[in-house]
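Undergrad: The sequence and its predicted three-dimensional model are supplied below.
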Amino acid sequence: MTPAIEALESCGCRFTLHLYSSKADGDFGFNAAEKLALAPEQVFKSLVVDIDERHPVIALVPVSKKLSLKLIAKAAGARKAKMAEPKDAENATGYVIGGICPIGLKRELRIFADSSIERFANVFISGGKRGVELEIGSKDLQKITNAVVAHIVD
């Protein structure tokens, strides 16, 4: 059980748990899509981004796309954005790289979801550890995380 699963159960949100064997490193999102035979555009990775060098936020981006640092900075009303260092991402979220989930975070972070999330009734996100994927309603995910929906991919 992960903090994400506990948080979803405690709020009564419906979700489906999918387990798969995860690689030790590499592109975790594509690995999940491949192992679970999912469309990569429906599987969202959680990327930790430093906004103006001191404010971590999470960007939810399809594994088939690349985050635009310029566009997420604009969405956040910031001057610049850069990817957080792996250790900083783990410290900010309480999750390991490859298992970062926007739900059940160690501390509250702003969440930005790419606008493509609205094309799907359900999306897939990491469940809080490698090899655990959650299928959740895209509207539920947006509501639970208070996500700002914006075009943030190249």
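TA: Arrived safely.
Undergrad: Name the residue most distant from the centre of the protein?
TA: Arg79 (22.4 Å; Cα atoms, centre = their mean).
Undergrad: What distance do you get for Ile103 to Ile125?
TA: 8 Å (Cβ to Cβ, to the nearest Å). C-beta: built from backbone N, CA, C; applies to glycine.
Undergrad: Also Leu60?
TA: Leu60 is 7 Å from Ile125, by Cβ to Cβ.
Undergrad: List the residues that contact the most centrally placed residue in the chain.
TA: Residue closest to the average C-alpha location in the chain (Cα atoms, centre = their mean): Ser46, at 2.4 Å. Ser46 makes contact with Ile58, Ala59, Leu60, Thr93, Ile100, Cys101, Pro102, Ile125, Ser126, according to Cβ atoms under 8 Å, 6 or more residues apart in numbering.
Undergrad: go on, Phe120?
TA: So Phe120 contacts Gln42, Ser138 (Cβ under 8 Å, 6+ apart).
Undergrad: So which bits of the helix or strand of the chain with the lowest mean pLDDT are buried?
TA: One helix or strand of the chain scores below all others by mean pLDDT, DSSP states H and E: helix 28-35, with a mean of 90. By neighbour count on 16 or more other Cβ atoms under 10 Å, the buried set for helix 28-35 is Phe28, Gly29, Asn31, Ala32, Ala33, Lys35.
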